[in-house]
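Chemist: Predicted coordinates and the sequence they were generated for:
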Amino acid sequence: MDRAVFVAAVAYAAAAGYGAQVDLREDVPGEPLGIRAPGRVGTHLLIGWGASTSAPWPMPVATVALSLRPRPGVRTGTAWMALGAATLAGQLVEPVTWGRRPSSPALRRSVVLNLLSSAALLLAGRRTVLAAR
């Protein structure tokens, strides 16, 4: 197990968990590119849609599971890069990221944590791919 990758994966999962808690508490649905799914935030989180500052739960679960591999290779590193990039892109297309929705300090903190942890995961994946080659 690569300790740096494990830390990045746990940080990513923690940021997603914190984001889910804030999104649920403040009832802030995900609206990527202005598209809002019907239903409540709790339902969105449960079915794996995610919310405004939380990645869909399968993504952090997969990230942590992959980080437990004894020797991650190019495929694993590529998966981390893809998950980090997808989460960065997902956060950047959310209106709450750009202040187009009302937000609290907790919500702004969640956006920042999500962006930072996603970037850390992407960089850890890149490092893994380069080391495996």
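Modeler: Structure received. Numbering: from 1, shown residues only.
Chemist: tell me the centre residue of this structure?
Modeler: Taking Cα atoms, centre = their mean, the centroid of the chain lies closest to Ala55, which sits 4.1 Å from it.
Chemist: Contacts only, for it.
Modeler: 12, 16, 19, 83, 87, 90, 114, 118 (Cβ atoms under 8 Å, 6 or more residues apart in numbering). (Glycine included, C-beta is placed from N, CA and C.)
Chemist: Just give the nearest non-adjacent residue to the last one, would you?
Modeler: Okay, so that is Ser118. The shortest distance from Ser118 to any residue other than its chain neighbours is 4.1 Å, reached at Thr87 (Cβ to Cβ, 6 or more residues apart in numbering).
Chemist: Determine the three-state secondary structure at that neighbour.
Modeler: Following DSSP: H, G, I helix; E, B strand; the rest coil, Thr87 is assigned to helix.
Chemist: Report the distance from the helix ranked longest in the chain to the chain centre.
Modeler: Looking across the chain with DSSP state H, the single longest helix is helix 105-132. Centroid displacement of helix 105-132 relative to its chain, using Cα atoms, centre = their mean, to the nearest Å, is 8 Å.
Chemist: Can you list the buried residues in that helix?
Modeler: By 16 or more other Cβ atoms under 10 Å, the buried positions in helix 105-132 come out as 107, 109-111, 113-115, 117-125, 127-129.
Chemist: returning to what we had before: and the two most separated of the contacts of Ala55?
Modeler: Gly19 and Leu83 (14.7 Å; Cβ to Cβ).
Chemist: Look at the two and report which has more neighbours.
Modeler: Gly19 (28 against 23; other Cβ atoms under 10 Å).
Chemist: contacting residues for that one?
Modeler: Listed by Cβ under 8 Å, 6+ apart, the contact partners of Gly19 are 51-55, 110, 113-114.
Chemist: For Ala16, see how far away the closest residue to Val5 other than its chain neighbours is.
Modeler: Spatially, and ignoring its direct neighbours in sequence, Val5 is nearest to Ala124 (4.6 Å; Cβ to Cβ, 6+ apart). Per Cβ to Cβ, to the nearest Å, Ala124 is found 16 Å from Ala16.
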